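Visitor: next come a sequence and a model predicted from it.
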Amino acid sequence: MPLTDSLRDDILASVPSLRAFAISLSGNGDRADDLVQETLLRAIANIDSFQPGSNLPAWLFTILRNLFRSDYRKRRREVEDAEGNYAKTLKTQPAQNAHLEFEEFRQALDKLPQDQREALILVGASGFSYEDAAAICGCAVGTIKSRVNRARSKLSALLYVDGAEDFGPDNTVRAVIGGNGG
Amino acid sequence: MKEVKKQGGLNAEIQSRIGHQLRAMYDDVVRQGVPDRFAELIRKLDGPEAATAAQGGGEPDKNNGGS
């Protein structure tokens, strides 16, 4: 369909969530904005292939996701070359109140296999249905469901190793108990 | 049927906490809105020429001499 004003507005309205998706995927703000820019360029260049009335955000997310994956493949070699530098770029945190918990969560998310991470973000944060997420990732709905489940259990293993243990009344209490015991 | 679902220590509290953290991270970015560079980009790229130029990025450069 042609790039009408209203379509342009709709694309614009998707930018905040596209950025959030890109940052969640890549863990790097600068790279995420490059991805978003590339996504917008491609979307507009290929606007003819967008079906009027279909899900625009899902269409845009598909473009971004595919770009990220091809970019990721390219970068893997760089990672092997310069692992230290890459690791540094992963640690872009939103600063200020940069609470430890957020940092830990970000790191745990980065440890997930890419398939699982993207599925979890699409369903758990972007709010896509399993069906839309499956379309974005080009796989079956059941596959998305199992990726999301695996992502959740892996995150909980990484963050809360022994499950409920971390959910005692207070970590301080545990620390005190631990200290007395030592 | 007395089948108890056991999910290797995955309890509801942990799951809700993970969901909360994930959305907090995500929404933090969403709340930043649309950076100017993207608003401008979308405003500018409404001509077919612009779209064609952008499309060129996907393929090995084939210079068509311009003009």
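Guide: Received the coordinates, thanks.
Visitor: which SSE is immediately downstream of the helix or strand residue A:136 falls within?
Guide: Element membership for residue A:136, per DSSP states H and E: helix A:130-137. Heading C-terminal from helix A:130-137, the first helix or strand you meet, by DSSP H and E, is helix A:141-159.
Visitor: just checking, what packs against the regular element (helix or strand) spanning residue A:7?
Guide: Residue A:7 is part of helix A:5-26, with elements assigned from DSSP H and E. If you count contacts as 3 or more Cβ pairs under 8 Å, 6 or more residues apart in numbering or on different chains; DSSP states H and E, helix A:5-26 packs onto helix A:29-45, helix A:56-81, helix A:114-124, helix B:12-30, helix B:36-44. (Each C-beta comes from the backbone N, C-alpha and C, glycine too.)
Visitor: right, and those - which one's nearest residue A:139?
Guide: Closest to residue A:139 of the helices and strands packed on helix A:5-26, according to Cβ to Cβ: helix A:114-124, at 8.4 Å.
Visitor: against residue A:42, how distant is the nearest residue to residue A:108 once chain neighbours are set aside?
Guide: Excluding its sequence neighbours, the residue lying closest to residue A:108 (Cβ to Cβ, 6 or more residues apart in numbering or on different chains) is residue A:158, at 4.1 Å. In this view, residue A:158 and residue A:42 are 34 Å apart by Cβ to Cβ, to the nearest Å.
Visitor: of these two, which one has the most company?
Guide: Taking neighbours as other Cβ atoms under 10 Å in any protein chain shown, residue A:158 and residue A:42 compare with residue A:42 leading, 20 against 16.
Visitor: show me the domain layout of chain A.
Guide: Per the record, chain A has its domains at A:1-92, A:97-182, by automatic domain parsing.
Visitor: distance to residue B:42 and mean pLDDT added to those domains, as TSV?
Guide: As requested, these are exported to TSV (distance: least, Cβ to Cβ, whole Å; pLDDT from 0 to 100):
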stretch	distance to residue B:42	mean pLDDT
domain A:1-92	5	84
domain A:97-182	20	81
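Visitor: turn those into TSV, including distance to residue B:32.
Guide: What follows is these, written out as TSV (distance: least, Cβ to Cβ, whole Å):
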stretch	distance to residue B:32
domain A:1-92	7
domain A:97-182	15
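Visitor: for residue A:7, find the nearest of the helices and strands packed on helix A:5-26.
Guide: Using Cβ to Cβ, the helices and strands packed on helix A:5-26 put helix A:56-81 closest to residue A:7, at 7.7 Å.
Visitor: give me the angle between that closest one and helix A:130-137.
Guide: Helix A:56-81 and helix A:130-137 are oriented at 50 degrees to each other (axes from the mean of the first three to the mean of the last three Cα atoms, to 10 degrees).
Visitor: and helix A:56-81 with helix A:114-124, angle?
Guide: Angle of helix A:56-81 versus helix A:114-124, following the same axes, to 10 degrees, is 150 degrees.
Visitor: coming back round to it: ranking the helices and strands packed on helix A:5-26 by burial, who's on top?
Guide: Of all the helices and strands packed on helix A:5-26, helix A:114-124 carries the top mean neighbour count, a mean of 23, counting by mean count of other Cβ atoms under 10 Å in any protein chain shown.
Visitor: who touches it?
Guide: Contacts with helix A:114-124, where a contact means Cβ atoms under 8 Å, 6 or more residues apart in numbering or on different chains, come from A:21, A:24-25, A:61, A:65, A:69, A:72, A:109-110, A:112, A:128-130, A:132-133, A:136-137, A:144, A:147-148, A:150-152, A:154-155, B:18-19, B:22-23, B:26.
Visitor: mark which of those residues are buried, thanks.
Guide: Among those, those buried by neighbour count (16 or more other Cβ atoms under 10 Å in any protein chain shown) are A:21, A:24-25, A:61, A:65, A:109, A:112, A:128, A:130, A:132-133, A:136-137, A:144, A:147-148, A:150-152, A:154-155, B:18-19, B:22-23, B:26.
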